[in-house]
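Student: what's the 3D shape of this:
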Amino acid sequence: MIFLELLAMLVVILIAAEVFTNALEHLGEKLKISEGVTGSIFAAVGTALPETLVPLLALLAGTQDVHVNEEIGVGAILGAPLMLSTLSVSLMSFAVLSRRGAKGKFHPEKTGLKRDLDFFIAAFGFATLALFVPHTNTAVRAAIGFTMVLIYFVYIMLTIRASKGLVDDGHATEAEAPMFLCRIGFPNKLPVIVLQIALGLILLVAGAKGFIYGVEHAAELIGISTLLLSLLIIPIATELPEKINSILWVRRGKDTLAFGNITGAMVFQGTLLPAIGIMLTPWQPRIEVLAGVVITLLAAIWLRLLVANGGVRLWHLWVNGSLYVIYLVIALS
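Tutor: Modelled structure (predicted):
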């Protein structure tokens, strides 16, 4: 029964992703913004917001067991960037493997992708450094947390500032198909676009929450710790289904939107949430945590090197998927 529920929730998520991406393309076209802004900010933040609530609720209004709340919070905060930088990008390559071949290339707009990865690596480096700062040293931790928040706001400003130039260079967001609500009689106006985006997000949240419920019950049968549940199961249940948006975009040849949806979410969830975790949890270098942080940084640095040296081929992203498998071996051994 649990597996039938999981299947049903995946269908809901697939439908929601189609509704959301369809409306988002029309929003970007209507606002005359670049694919980089649409993917890295609008899509990334829009789909990441529901998952952001998991660690926040755990830390601020969780169970009466503070230790359990902290483990859920730390696991969910660090698990999302880990999964995005490894498993999510790897799945994009498999989604177009039959069309492009293992040596086929992705063609995202490079300046935006470089910016996303640069800001993520810098911010996550601070999160890694904070693991070795004692929890009692609140001044240093506060300084690190403030720096990470500042990094995200600078990132937003630079991304938006670059939009006009990218639009002039032919990287404007373009909608391929009519908006779904327009097909049933609604006008193609901004309020209707916002309405369809909201409907897509509501369906995404409902599908993800239902998926979480099923995965948590399945995890009970396996019997793993709260931290591992948060590092492995929660990100897969909350983040991975909604990154179906990237798979849909990459299959349509919209590589900039596809990558931006993932790397933009990495920046969002690699800056603001770790800043909160640094201040509200012990944030200690336990083996599961330290291994996850190191592998996440390695995956992001690998992507950055690829972008700087000839571009990204499909098989390159299999390395990211392999890093996720390596993490599983370390965490579960």
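Student: where's the residue nearest the centre of the chain, which helix or strand?
Tutor: The chain has Ala265 as the residue nearest its centroid, 3.8 Å off, counting by C-alpha atoms, centre = their mean. Using DSSP states H and E, Ala265 maps to helix 255-280.
Student: what comes into contact with the very next helix or strand once past that helix?
Tutor: Downstream of helix 255-280, the first helix or strand assigned by DSSP H and E is helix 287-308. With contacts defined as C-beta atoms under 8 Å, 6 or more residues apart in numbering, helix 287-308 is touched by 74, 78-79, 81-82, 85-86, 89, 110, 113-114, 117-118, 120-121, 124-125, 127-128, 131, 227-228, 231, 263, 266, 312-313, 316, 319-320, 323-324, 326-327, 330-331. Bear in mind the C-beta positions are built from the backbone N, C-alpha and C, glycine included.
Student: rerun at 7 Å
Tutor: The contact list for helix 287-308, computed with C-beta atoms under 7 Å, 6 or more residues apart in numbering, reads 74, 78-79, 81-82, 85-86, 110, 113-114, 117, 120-121, 124, 127-128, 131, 227-228, 231, 312, 316, 319-320, 323, 326-327, 330-331.
Student: ok so, going back, helices or strands up against the helix holding Ala265?
Tutor: Helices and strands touching helix 255-280, by 3 or more C-beta pairs under 7 Å, 6 or more residues apart in numbering; DSSP states H and E, are helix 35-37, helix 44-61, helix 66-83, helix 110-130, helix 138-161, helix 244-251.
Student: go again using 8 Å as the cut-off
Tutor: Helix 255-280 is packed against helix 35-37, helix 44-61, helix 66-83, helix 89-95, helix 110-130, helix 138-161, helix 244-251, with contacts defined by 3 or more C-beta pairs under 8 Å, 6 or more residues apart in numbering; DSSP states H and E.
Student: out of the ones you listed, deepest packed?
Tutor: Comparing the helices and strands packed on helix 255-280 by mean neighbour count (mean count of other C-beta atoms under 10 Å), helix 35-37 ranks first with a mean of 28.
Student: state the mean pLDDT of it.
Tutor: Across helix 35-37, pLDDT averages out at 66.
Student: one more: stretch 149-160?
Tutor: 89.
Student: from Val74, how far off is Ile276?
Tutor: Counting by C-beta to C-beta, to the nearest Å, the gap between Ile276 and Val74 amounts to 11 Å.
Student: give me the buried positions along stretch 309-318.
Tutor: For stretch 309-318, burial by neighbour count (16 or more other C-beta atoms under 10 Å) applies to 312-314, 316-318.
Student: now tabulate those residues in CSV and tack on pLDDT.
Tutor: Supplementary listing: the buried residues of stretch 309-318 in CSV, determined by pLDDT from 0 to 100:
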residue, pLDDT
Val312, 94
Arg313, 95
Leu314, 95
His316, 96
Leu317, 96
Trp318, 97
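Student: those residues in helices, which ones?
Tutor: Judged by DSSP state H, the buried residues of stretch 309-318 include 316-318 as members of helices.
Student: so Ile160 sits against Leu31, correct?
Tutor: No. In this structure, Ile160 is not within contact of Leu31 by C-beta atoms under 8 Å, at 11.0 Å.
Student: helix, strand or coil for Gly185?
Tutor: Here Gly185 is recorded as coil under DSSP: H, G, I helix; E, B strand; the rest coil.
Student: neighbours of it, how many?
Tutor: 6 (other C-beta atoms under 10 Å).
Student: least confident of the helices and strands packed on helix 255-280, on average?
Tutor: When mean pLDDT is averaged over each of those, helix 44-61 scores lowest at a mean of 62.
Student: what's the angle between the strand or helix carrying Leu323 and helix 287-308?
Tutor: Here Leu323 sits within helix 316-332, counting by DSSP H and E. Counting by axes from the mean of the first three to the mean of the last three C-alpha atoms, to 10 degrees, helix 316-332 lies at 170 degrees to helix 287-308.
Student: so how far is helix 316-332 off the chain centroid?
Tutor: Distance of helix 316-332 from its chain centroid, counting by C-alpha atoms, centre = their mean, to the nearest Å, is 17 Å.
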